[in-house]
Each structure stands twice: as structure tokens, then as C-alpha cells.
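>>> Predicted model and sequence follow; I will ask about them next.
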Amino acid sequence: MTGKVTCGARTVFWPDDEACDAECSRPAGHAGTIHEDEILGEWDADELPTTEPEVDR
């Protein structure tokens, strides 16, 4: 099974009274601060606290 490697950055949306976890589904290494969850949509890492995945170097 082959899968695409995604960015994996995470944040939490508070659309109502309940928190919703979001994970970026854009390709790993994408440019810019805009991330996108497949269900919840886009967010800007400059506006919402965002946890970037650990990168092996």
C-alpha cells in the first residue's frame, strides 16, 4: 500500500462549544503558513497555534 506523505501539522478549532482537532492534509513541505484539514478546511498558522510534525534530519 502506498500513500501520499502529508504535512501533518495540527491545530484545534473551536467552532462551537466543543474542540475539533485538525490535521493538515496538504503535501509534506508545502510552502506558506496556510494548512488544510480535509473536513474542517483551511487555517493559518500565524492565527491559530499550530504544532508542526517532527522532521528527521
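Yep, it's here.
>>> Helices of the protein, residue ranges please.
Taking DSSP state H as the test, none of the chain falls into helices.
>>> mind listing what residue 38 touches?
By Cβ atoms under 8 Å, 6 or more residues apart in numbering, the contact list for residue 38 reads residue 25. Glycine gets a C-beta too; all of them are placed from N, C-alpha and C.
>>> Just the pLDDT at it, thanks.
On pLDDT, residue 38 comes in at 95.
>>> And for the one 3 residues further on?
Per-residue confidence for residue 41 comes out at a pLDDT of 94.
>>> Residue 3 too?
We have a pLDDT of 72 for residue 3.
>>> Look up how far residue 28 lies from it.
In this view, residue 3 and residue 28 are 11 Å apart by Cβ to Cβ, to the nearest Å.
>>> residues contacting the residue positioned nearest the centre of the chain?
Taking Cα atoms, centre = their mean, the centroid of the chain lies closest to residue 24, which sits 2.6 Å from it. Residue 24 is in contact with 6, 7, 8, 9, 10, 35, 36, 37, counting by Cβ under 8 Å, 6+ apart.
>>> any idea how far the nearest residue to the second one once chain neighbours are set aside lies from residue 51?
Excluding the flanking residues, the one nearest residue 7 by Cβ to Cβ, 6 or more residues apart in numbering is residue 24, at 3.9 Å. Here the distance between residue 24 and residue 51 works out to 10 Å (Cβ to Cβ).
>>> what stretches of this structure score poorly on pLDDT?
Residue ranges of the chain with pLDDT under 70: 1-2, 55-57.
>>> can you pull out the strands in it?
For the chain, applying DSSP state E gives strands covering 10-13, 20-23, 34-37, 41-44.
>>> Highest mean neighbour count out of those?
Among the strands of the chain, strand 34-37 has the highest mean neighbour count (mean count of other Cβ atoms under 10 Å), at a mean of 19.
>>> what about dumping the CA coordinates of that strand to PDB?
C-alpha atoms of strand 34-37 as PDB (Å, rounded to 0.1, in the frame of the first residue of the first chain):
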ATOM      1  CA  ILE A  34      -1.800  28.000   5.300                       C
ATOM      2  CA  HIS A  35      -2.700  24.500   6.300                       C
ATOM      3  CA  GLU A  36      -5.800  22.500   5.400                       C
ATOM      4  CA  ASP A  37      -7.800  19.800   7.100                       C
END
